[in-house]
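Peer 1: 3D, please:
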Amino acid sequence: MSNHCSDSELIQQFMAGKHSGIVKLIKRHKDKVFSYILINVKNHQLAEDVFQDTFYKVIDSLKAGKYKDEGRFASWVMRIAHNLIIDHYRKENKLRTVSNSDNEDYDLFNTPKFSEKNIESRIIESQISLDIKKLVNELPDEQREIIILRHYVGMSFKEIADHTGVSINTALGRMRYALINLRRLIKEKDLILTNF
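Peer 2: Below you'll find the model as predicted:
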């Protein structure tokens, strides 16, 4: 019976003192979250460490009442994992860049994996800059999530739609608005980006 509990019900069980609730939540989402982390860090041991840290933070946040249940537990966990990955690379001072010269860096988007010549990729490629990473963090949650899943994780729009529980058209729409907002933020902040 408890295997058929929703995420919300398992969270309520955990909050009521039943530790089995969080154990079941971790088991339910482990593969998806771990895969996401491993794709980003490309190191199995590091991925395990980040995965553990993610669920420590999930547990602490649940206990502190920081999770507002909107039926999007998996997305919330993925956002925590993403932030921990970013924190790791900041600490290591190598936020997915390779140096070209003293002051020039290439963004993660400018790698062969992300160089498909479709419209959104061309737009992203034309905005190569470390500043883009900061701007992505300023986007609304749903738009930030789709940029991360599409360009950092490499999911198809069908996979994104399945993962986030929305239609493909909604996923495409969110990507469109995310790119519009990125261009607006670039203009507002008067950023000069290479190849733009």
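Peer 1: which residues sit against the one helix or strand residue 27 maps to?
Peer 2: Secondary structure assigned from DSSP states H and E places residue 27 in helix 20-41. By Cβ atoms under 8 Å, 6 or more residues apart in numbering, the list of residues contacting helix 20-41 from outside reads 2-3, 5, 7, 9-15, 44, 47-48, 50-51, 54-55, 58-59, 62, 73-74, 77-78, 81-82, 85, 88, 152-154, 163. Every residue, glycine included, has its C-beta placed from N, CA and C.
Peer 1: List buried residues within those residues.
Peer 2: 5, 7, 10-11, 13-14, 47, 50-51, 54-55, 58, 62, 73-74, 77-78, 81-82, 85, 88, 152-153, 163 (16 or more other Cβ atoms under 10 Å).
Peer 1: from the chain's centre, how far out does stretch 16-27 sit?
Peer 2: Taking the mean C-alpha point of stretch 16-27 and that of its whole chain, the gap between them comes to 24 Å (Cα atoms, centre = their mean, to the nearest Å).
Peer 1: what mean pLDDT does it have?
Peer 2: Stretch 16-27 shows an average pLDDT of 88 in the prediction.
Peer 1: Could you do stretch 57-71 as well?
Peer 2: Confidence for stretch 57-71, expressed as mean pLDDT, is 85.
Peer 1: how far out from the middle of the chain is that stretch?
Peer 2: In terms of Cα atoms, centre = their mean, the gap separating the centre of stretch 57-71 from the centre of its chain is 18 Å.
Peer 1: Now stretch 60-67: buried residues?
Peer 2: Taking 16+ other Cβ under 10 Å as the neighbour-count basis, stretch 60-67 is seen to contain the buried residues 62, 67.
Peer 1: How about stretch 132-140?
Peer 2: For stretch 132-140, burial by neighbour count (16+ other Cβ under 10 Å) applies to 132, 133, 135, 136, 139.
Peer 1: what's the answer for stretch 159-175, then?
Peer 2: Going by neighbour count (16+ other Cβ under 10 Å), the buried part of stretch 159-175 is 160, 161, 163, 164, 166, 170, 171, 172, 174, 175.
Peer 1: returning to what we had before: make TSV out of the buried residues of stretch 132-140 and add pLDDT, secondary structure and distance to residue 40.
Peer 2: Output for these, formatted as TSV (pLDDT from 0 to 100; DSSP: H, G, I helix; E, B strand; the rest coil; distance: Cβ to Cβ, whole Å):
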residue	pLDDT	secondary structure	distance to residue 40
132	70	helix	16
133	69	helix	13
135	80	helix	19
136	80	helix	14
139	86	coil	18
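Peer 1: What are the boundaries of the helices in the protein?
Peer 2: 7-15, 20-41, 44-63, 73-92, 119-125, 130-138, 141-147, 157-164, 168-188 (DSSP state H).
Peer 1: quick one: contacts for residue 62?
Peer 2: For residue 62, the residues meeting the contact criterion (Cβ under 8 Å, 6+ apart) are 11, 14, 15, 22.
Peer 1: Any idea which of the helices of the chain has the lowest pLDDT on average?
Peer 2: Taking the average pLDDT of each of the helices of the chain, the minimum falls on helix 119-125, with a mean of 50.
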